[in-house]
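K.L.:
curious how this folds, go ahead:
(5 chains, ligands or ions: 4)
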Amino acid sequence: MRCRRSVVPRPLQQPTSRRKPVPDPAKTPAVQLSNIRKSYGEHEVLHGVSLTANEGDVISILGSSGSGKSTLLRCINMLEVPNAGSVSIHGEAITLDQKPGQPPRARDMRQVNRLRAKAAMVFQSFNLWSHLTILENLIEAPVYVLKRDRKEAIAEAEALLARVGIAEKRHAYPAHLSGGQQQRAAIARALAMHPSVMLFDEPTSALDPELVGEVLKVMRDLAAEGRTMLIVTHEMGFARDVSTRTVFLHNGVIEEEGAPAEVFENPRSDRFRQFISRDH
Amino acid sequence: MRCRRSVVPRPLQQPTSRRKPVPDPAKTPAVQLSNIRKSYGEHEVLHGVSLTANEGDVISILGSSGSGKSTLLRCINMLEVPNAGSVSIHGEAITLDQKPGQPPRARDMRQVNRLRAKAAMVFQSFNLWSHLTILENLIEAPVYVLKRDRKEAIAEAEALLARVGIAEKRHAYPAHLSGGQQQRAAIARALAMHPSVMLFDEPTSALDPELVGEVLKVMRDLAAEGRTMLIVTHEMGFARDVSTRTVFLHNGVIEEEGAPAEVFENPRSDRFRQFISRDH
Amino acid sequence: QEKTITIATEGAYAPWNFTGPSGELQGFEIDLAKVLCERMKVKCEIVAQNWDGIIPSLNAKKYDAIMAGMSVTPARKEVIAFSDPYAAGLNAFAVLSDGPLADMPGTGETYSLDSQEAEANAKIEEIAALLKGKIVGVQGSTTASSFMESNFKDGVDLREYKTTEEHNLDLTSGRLDAVLANATVLAEALGKPDMADAKISGPIFSGGVFGFIAVGLRKDDTELKAQFDEAIKAATADGTIKDLSMKWFKVDVSPRG
Amino acid sequence: MDYLQLMGFGPNGWGYGMLAATGMTVAVALCGYLIGSVLGSLGAAAAFSRFMPLRAIAGFYTTVLRGIPDLLVIYLFYFGSSSVISAVGALFGAEGFVGAPAFLTGAMAIGVVSGAYQMQVFRGAVLALPKGEIEAARAYGMPSFLLFRRIILPQAARFAIPGMGNVWQLVLKESALISVIGLVEIMRQSQIGAGSTRQPFSFYLTAGALYLLITFVSGRGFRLAERRAMRGVRRAA
Amino acid sequence: MVIDFPFLWESFTTLLNGVPLTLQLTALSVVTGAVLAVLLALMRVSNRWWLDLPAQAYIFVFRGTPLLVQIYIIYYGLSQFPELRHSILWPFLRQAYWCAALALALNTAAYSAEIIRGGLLSVPAGQIEAARATGMSGFLLMRRIIFPQALRQMLPGYSNEIILMVKSTALASTVTLMEVTGIAAKLISQSYRPIEVFICAGAIYLAINFIVVRAFAALEYALSPERRPAPASTADQPEKARA
Ligand SMILES: Nc1ncnc2c1ncn2[C@@H]1O[C@H](COP(=O)(O)OP(=O)(O)OP(=O)(O)O)[C@@H](O)[C@H]1O
Ligand SMILES: Nc1ncnc2c1ncn2[C@@H]1O[C@H](COP(=O)(O)OP(=O)(O)OP(=O)(O)O)[C@@H](O)[C@H]1O
Ligand SMILES: [Mg+2]
Ligand SMILES: [Mg+2]
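P.N.:
Ligands and ions are numbered 1, 2, ... in the order given. The predicted model follows:
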C-alpha cells in the first residue's frame, strides 16, 4: 500500500497563492484539494487548483460564469473525478486509480460514499427527486443512507422546512413548487444530513432579497457551530461579511485568495479588481 | 359573436391600485391583464391581478418567493390558462372558452400561437431544448415559427451569442454548459425572436455581478428601442434604475404599483416597505 | 376451349405433395392432378397454400380445387363439396421397436372398417387393452384423431400435434408410446435414419372414418365436380391411379368399393 | 444428405428458396413497420389531443388491436377485404376471386397491429419528456404539429428507440403469420422444407439463424439511431 | 354473412375451458421472466463489459429468433439428446407445460430487459447525482431513486409486453397444450368456420388484455402523483408571513 501513497496530497509542495494561510499542522483540514485538473473531452476546465479548508472555515468561491466553480465543487465529492490531483476530506485521501489511456476513477466506492454522506451538496439546479414529495426528499438520505430513525427524521425535516419557510409545501412534489421554494427545499435537504462539510452551489440564486438574508443567516449559524462550508456565490456582501476566506476562480485557476477583508480592500489580481468593481 | 364580448377586458371597471396611470386612450396597451385569477387545484395563487403595460414600458415585477410572479408571467402567454379574467396583447383579447365544471381553455390556438410568437419568454429554469445545440436553439423558432431565412437567422444568432459572451459554445449542447452560460443562451434565444413584448423570469439569477451588469445593459438598450418588457427580478437596483414601473406582488395580489422613484422612496404598503428594507 | 383451373395443395406432406429444393411441387397428388386435368381437357395451375387457410381460401375463390391429402369428413362436407375419392385413407400405429408395444396383434395385416367390420373391431379391442394408460399422438383434426377419439376414448392419453413430424419426434424422444397416422406417410418417415428405432405395429386400417381422400371443391361448383368425378372414375378404372400409387407409396391406395 | 448440402445452393439445396423467403420476410416486415409508425404516431398524437373524441378513438384503437390475436386481424383483412372487393366486383360483372394483393393485405394487417404497439411506445416516451422544454416551445408560438415534429419527436426518440426496437422484432416475427394468406416467408418456407424432407431441425435452426441475421443488421441500425438521438444528453456516471 | 348465434355461443363456452391454462402460462412466464429481465437490464447498464456482453448476447438471441423456433427447439430439440433424457431435468422437460413456460419466460426476459433498460436511462442525470452526493450508491440508489422513476417511464412499454405474452401463449398449442388458441384450432378444424371461432377467441383475448391495460393504466396513475395537478393545499396552517 505504501507505494501508492504518492497520490496523497502534498499541498505545501504545490504552487499556491502567496497569501494562502499555512495550515495549522495540529488540525487536519476538513477539505484539501491539491492540484486538481479536470477536462471535458479536450477542453480543460480546471488547470490545477489547490485549496485547503480547515474545520469551521467558510470559504466563498467567486468567479465569472463558466470559470469552473461548479466543476470544482463537484470534484470534491467525486461527482466529477479529477483527471489529476487529489482530494482529501477530514484527512482521508480518496484513492484514485489511473489506468493508462483511461479516465481515472475512485478505487473504493465505499470510501467515496462514506465521505459523500459527510459532505452535503446543494446543486445549482436543485436536482430534487421528482418522484418524492418535499418531506420525502428531506428524509430520504437520512433514513436510508445514515439509517436514522424515520420518526425523528420526519420531525427534524419538518422543523427544517419551517425554518426555510415552506412547511406548508411538505406534501407537494417538486414540480409543483416555485423556483425559490425548490431552492429552499434543496438547502433543507442538505441540512437534514447534518453534514460536517457543506458544498453550496449558488444557494440563493432564486431567492428574493428577504430570503437571501434569511438563508445567509442560517449559514452564519452553521458557521458558528463550526461546520465547514464551501459556497459558490455571487453575493459579494456575503463573501465579504460572513466568509472566513474568499477564493476567486478565473478560467480554471485561482487568481486571488485570502481573507475577505484583505482581498476586497486590496486585490492583487487585476481580474479580480475588475470583477468586484462591476458590483453595482 | 357580440354576446361573447363580455370576456374582453374592462380594465377601468376593475379595482386596481390607486396609483395606476390612466392609460392613454390613443395608445393600445401592449399587454393588458384584467382581474386574472389562477388556481392550482383548490389553491388559488393569483387572486385577481390587473396590469397594463403600454408600448415601451419596462415593468419590474418584485415579490417574495411563491408570491405568484412566475405564474403571472405564464398567464400572459397562456402557458397557464387563467381561471378568470382576461389577457390581451396589442389590443387583441385572447378568447377563452369556459365550460361549466371544466377549467377554461383558449378557444383558438392559432390566435394564441400568433401572439406567443410576439411575446418571447425567458424561463426561470431556462428550458433550453436539450436535443439541439445552442446555435440550433437560437434559430429553431425564428426559422420554423417565423419562417425566417435560415442563413440570416444563423448570422443573427451568432451575433447574439457573441453579445452575451458565449459565442465559443455555439456548437455545445445545453447539458454541457454551466448554469450562467445556459441562462445567457436562454436570453439570446428570446432576443432572436425580435419580440415586441418580452417576458423575463429572473433573467440574471445565475449570473455573476459583472454579467448581471451586462445583461441589464442589453435590456436598457431594448427598452430604448421601445420594446415592452415585463421582468420578474430580485435586482432592486435594476427595478429602481431601469424600469418605468414597479409592481410588487404579494400572496397573489398587487400590493404596490407605481413609478420606481415613487414607490421606492415612499412605499404605501407596509409589506413592500419591509421587503425593500431587507435588501442588504 | 382452354379453360384454366387452379388447384391448391399444401406442398409439405411428403409423399402426397411436397416441394423440391427449387420450389417445384412434386408427389402423388401433383402427378395425379396433371393426369386429371389432361382428361378434363383444362389447363391446370397448381399452387401451394398453408394448411390453415386452405379451405377458407377455396371459398374465397382464390383457387378452384384442393388436392392436399384431404380426407372426406362430415365436418368438411358442411363447408365444401368433394369429388369422388381418388385414394383410400390407410392408417397405422407406429411405436418404438424396443418398447412394450412393439408387437401388437395384427402386424402386417390390413383390415377394412367397412367390409371386415367384425374382425377390425376385434383387433381394435385387443389393441385398446394394450394401449390402456399409454400416451398416443396424432395430428390434430385428421381422421386419425377422430378414430382415436371414437374408439379409444378412455384409458388413452391422447395428444394432438400440428404435424406428423412433430409427433414422430416425440415418439423417438420417449414422450409418446405410439402414434397413429396415415400409413403411407409413416412408411416414408420410418425410412429416415432419425426414426430407425421405430416401426409399424398392429394392422393397417382402412375405410370407416379413414374413408377416402378426394378433391375439395366449392359447393356451388357442380360443373367442375362432375368433370372431376368423371376423370377420377376413368383413372381408377384403367389403373392409372394404382400405377401412380405404386410409384409414390409402394402400396396401392386406389379407392376400392 | 448433410446439412450443408441441404441448405446449399446446389441442385438439391434449399438455399435459394430460403433466401427468397428471407427477402419476403424483410419486405413485408418493413412495409408493415413503416405503416405502423405512421399509425402509431398519429395515434399517440391523438391520445394527447385536446379533443375527447380523438382521445377515445386512439384508446379504442390501441386497446382492441393489441388485445385481439394478430391472426384474426390478418384473417379479417384478407377475407374481409376480398369479400368486400368481390362483392363490389360482382356488381360490375367481374367473376371469381378479386382480392387485394396478398402482399398489400399482409403489410396493412401487420401495420395496423404494430401501429397499436408503436403508439404505446411513443406515448410512454412523450410522457418522459422534460415538461419545461415543451413549454418553451409553446411559449415561442409553435403550433401543435410543428411542436410535435421539431421538439417532441426528436426528444421522444431517445426514450422510444429501445421500445421501437422491440416492436421491430415483434413485426419480424409477426410476418410469419401472413403465410395463411399465401405468402412464402421464412417460417412457411421452413415448414414446407421440413414437411418435404422430414428434417425439421435443419430448417427451423436455419430459420432461427436467418432471423438472427436480420436482427443483427437491423440492430446496428437501431444502435446508430440511438446514438444519434442521445446527442446532448448528459449521463450520470 | 348470416350470424349463427348458437354456434358462436357454443364456441365461446368451449373456448373458455382454455382460459385457465392461458392465464397460468402467462403468469408463470411473466413473473419468472421479469426477475431475469431485471438482472439482464442491470448487467446491460453496469458499465462492465464482462456483465454487459453476456446479457447482450442473450438478448440478441432471444429477441432475434421467433418464439416458435425457441419452443420448438426447447421441446423437440432438447429431447433428441439421450443425455438430457437421462438427466434429472427430464421429468420437467418431458412435460410440454414446463417447456412452454420456460420458453415463454426466457423470451419475455429478453424483451423486458430492453424495456427496463430504456426506463433506467430516462432518469435525469441530476437526480442521480443528487443521490450520489448524499452517499447513495449501488442497490440503494437503484431501489430508492432510479427504479421508482424508471418504473413509471417503462410501464406503457411493459404493458405491451404483457399483452404480447398473453397472446404468445397461443404458441403453446404447437406442443400439444390446449389453451384458448389450441382449442380454437380444433374447433376450426371441426367446423371450418375460422372467422367465427377466431372472433370468439379474439373476444376472450381482448377481455383478458383489456383487464391488463386497465390495470396498467391504474398503476401508472397511482405511481405518478407528481404528473397530476397538485392536490388541494395541505396547509393545516395558513401561509405564514415570514416577517
Ligand atoms: N404546477 C403547480 N401546481 C401546484 N402549485 C403550483 C404550481 N406551480 C406553482 N405553484 C404554487 O403557486 C405559488 C406561486 O408560484 P410561482 O412559481 O408563481 O411563484 P414565484 O413568485 O415565481 O416564486 P419564485 O420567486 O420562488 O420563483 C407557489 O406557492 C407554488 O407552490
Ligand atoms: N458536462 C460538461 N461537458 C462539457 N463541458 C462542460 C460540462 N460541464 C461544464 N462544462 C464547461 O466547463 C466550464 C466550467 O463549467 P462550470 O459549470 O464549472 O462553470 P461555473 O463556474 O459553475 O459557471 P456558472 O457560474 O455559470 O455556473 C464551462 O465552460 C462549461 O461550458
Ligand atoms: Mg455553476
Ligand atoms: Mg418564479
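K.L.:
let me know the secondary structure of residue 28.
P.N.:
No chain was given, so I picked chain A. Put simply, residue A:28 is coil when judged by DSSP: H, G, I helix; E, B strand; the rest coil.
K.L.:
chain E is the one I meant
P.N.:
Once three-state DSSP is applied, residue E:28 turns out helix.
K.L.:
per-residue pLDDT, it?
P.N.:
In this model, residue E:28 is scored at 95, pLDDT.
K.L.:
burial of it, as a residue count?
P.N.:
By the measure other C-beta atoms under 10 Å in any protein chain shown, the count of residues near residue E:28 is 18. The way it works is simple: take the backbone N, C-alpha and C, and place the C-beta from them, glycine included.
K.L.:
I'd say it and residue E:102 touch.
P.N.:
No: applying C-beta atoms under 8 Å as the test, residue E:28 and residue E:102 come out as separate, 9.3 Å apart.
K.L.:
any residue of the lowest-mean-pLDDT helix or strand in chain E up close to chain D?
P.N.:
Here the helix or strand of chain E ranked lowest by mean pLDDT, DSSP states H and E is helix E:82-85, holding a mean of 79. No: interface with chain D: helix E:82-85 contributes nothing (C-beta under 8 Å from any C-beta of the partner chain), its closest point being 14.7 Å away.
K.L.:
cool, and stretch C:29-36?
P.N.:
No: Stretch C:29-36 lies apart from chain D when judged by C-beta under 8 Å from any C-beta; the minimum separation is 11.8 Å.
K.L.:
ok, now how distant is residue C:202 from residue C:118?
P.N.:
Note on residue C:202: its distance to residue C:118, by C-beta to C-beta, to the nearest Å, is 17 Å.
K.L.:
residue E:80 too?
P.N.:
42 Å.
K.L.:
neighbour count: the two, which is higher?
P.N.:
More crowded of residue E:80 and residue C:118, by other C-beta under 10 Å: residue E:80, with 14 against 8.
K.L.:
number of residues surrounding the nearest residue to the more buried one once chain neighbours are set aside?
P.N.:
If the residues on either side of it in the chain are set aside, residue E:80 comes closest to residue C:173, at 6.3 Å by C-beta to C-beta, 6 or more residues apart in numbering or on different chains. Neighbours of residue C:173 under the rule other C-beta under 10 Å: 21.
K.L.:
isn't residue C:173 up against residue E:77?
P.N.:
No: Residue C:173 lies out of contact with residue E:77 (C-beta under 8 Å); the separation is 9.7 Å.
K.L.:
gap between the residue in chain E that ligand 2 sits nearest to and residue E:16?
P.N.:
Closest to ligand 2 within chain E is residue E:125: 9.3 Å, counting by C-beta to the nearest ligand atom. Look at residue E:125 and residue E:16: by C-beta to C-beta, they are 50 Å apart.
K.L.:
same check, this time on residue D:19
P.N.:
44 Å.
K.L.:
now swap in residue D:115 and tell me
P.N.:
30 Å.
K.L.:
which helix or strand lies directly C-terminal to the least confident helix or strand of chain E?
P.N.:
Counting by DSSP states H and E, the next helix or strand C-terminal to helix E:82-85 is helix E:90-93.
K.L.:
buried residues of stretch E:28-47, list them for me.
P.N.:
For stretch E:28-47, the neighbour count (16 or more other C-beta atoms under 10 Å in any protein chain shown) marks E:28-30, E:32-34, E:36-38, E:40-45 as buried.
K.L.:
any idea which of those is least confident?
P.N.:
Where pLDDT dips furthest among these: residue E:45, at 87.
K.L.:
residue ranges in chain A under the pLDDT threshold?
P.N.:
Within chain A, the stretches with pLDDT under 70 are A:1-27, A:278-280.
K.L.:
give me the neighbour count for whichever residue of chain D sits closest to chain C.
P.N.:
Here the residue of chain D nearest chain C is residue D:195; by C-beta to the nearest C-beta that distance is 2.7 Å. Each residue near residue D:195 was counted by other C-beta under 10 Å, and the total is 25.
K.L.:
ok, now which ones touch it?
P.N.:
C:10, C:11, C:12, C:13, C:14, C:18, C:163, C:165 (C-beta atoms under 8 Å, 6 or more residues apart in numbering or on different chains).
K.L.:
7 Å instead?
P.N.:
Taking C-beta atoms under 7 Å, 6 or more residues apart in numbering or on different chains, we find residue D:195 in contact with C:12, C:13, C:14, C:18, C:163, C:165.
K.L.:
state the distance from it to ligand 1.
P.N.:
Applying C-beta to the nearest ligand atom, to the nearest Å, the value for residue D:195 to ligand 1 is 64 Å.
K.L.:
that residue in helix, strand or coil?
P.N.:
helix.
K.L.:
returning to what we had before: wait, doesn't the residue nearest to residue E:80 sit right on residue E:79?
P.N.:
Yes: look at residue C:173 against residue E:79 with C-beta atoms under 7 Å: they come within range, at 3.5 Å.
K.L.:
any residues in contact with both of the two?
P.N.:
Jointly contacting residue C:173 and residue E:79 under the rule C-beta under 7 Å, 6+ apart are residue E:85.
K.L.:
just the buried residues of stretch E:28-47: which are in strands?
P.N.:
If you go by DSSP state E, those have nothing in strands.
K.L.:
farthest pair within those residues?
P.N.:
E:28 and E:45 (26.9 Å; C-beta to C-beta).
K.L.:
what about the closest residue to chain C within the stretch 151-280 of chain A, distance to residue B:70?
P.N.:
The nearest approach of the stretch 151-280 of chain A to chain C comes at residue A:175, 52.5 Å away (C-beta to the nearest C-beta). For residue A:175, the distance to residue B:70 equals 13 Å [C-beta to C-beta].
K.L.:
so which of those two has more stuff around it?
P.N.:
Just comparing residue A:175 and residue B:70: by other C-beta under 10 Å the higher neighbour count belongs to residue B:70, 25 against 15.
K.L.:
got the phi and psi for that one?
P.N.:
phi -60, psi -40 (degrees, to the nearest 10).
K.L.:
wait, it touches residue B:201, no?
P.N.:
Yes: with contact defined as C-beta under 7 Å, residue B:70 reaches residue B:201; the gap is 5.5 Å.
K.L.:
which residues in chain C form helices?
P.N.:
Assigned helices in chain C, in chain order: C:28-40, C:54-59, C:74-79, C:117-131, C:143-151, C:164-173, C:183-190, C:222-237, C:240-249 (criterion: DSSP state H).
K.L.:
find the centremost residue of chain E, please.
P.N.:
The centre of chain E sits closest to residue E:162, judged by C-alpha atoms, centre = their mean, with a distance of 3.5 Å.
K.L.:
check chain A too.
P.N.:
residue A:199 (2.0 Å).
K.L.:
look up how far ligand 1 lies from the residue of chain E found nearest ligand 3.
P.N.:
Closest approach of chain E to ligand 3 (C-beta to the ion) occurs at residue E:126, with a separation of 12.6 Å. Plainly put, residue E:126 is 18 Å away from ligand 1 if you go by C-beta to the nearest ligand atom.
K.L.:
is ligand 1 contacted by the longest helix along chain A?
P.N.:
Longest helix of chain A, by residue count under DSSP H: helix A:209-224. No: using C-beta under 6 Å from any ligand atom, helix A:209-224 stays clear of ligand 1, with a minimum separation of 8.4 Å.
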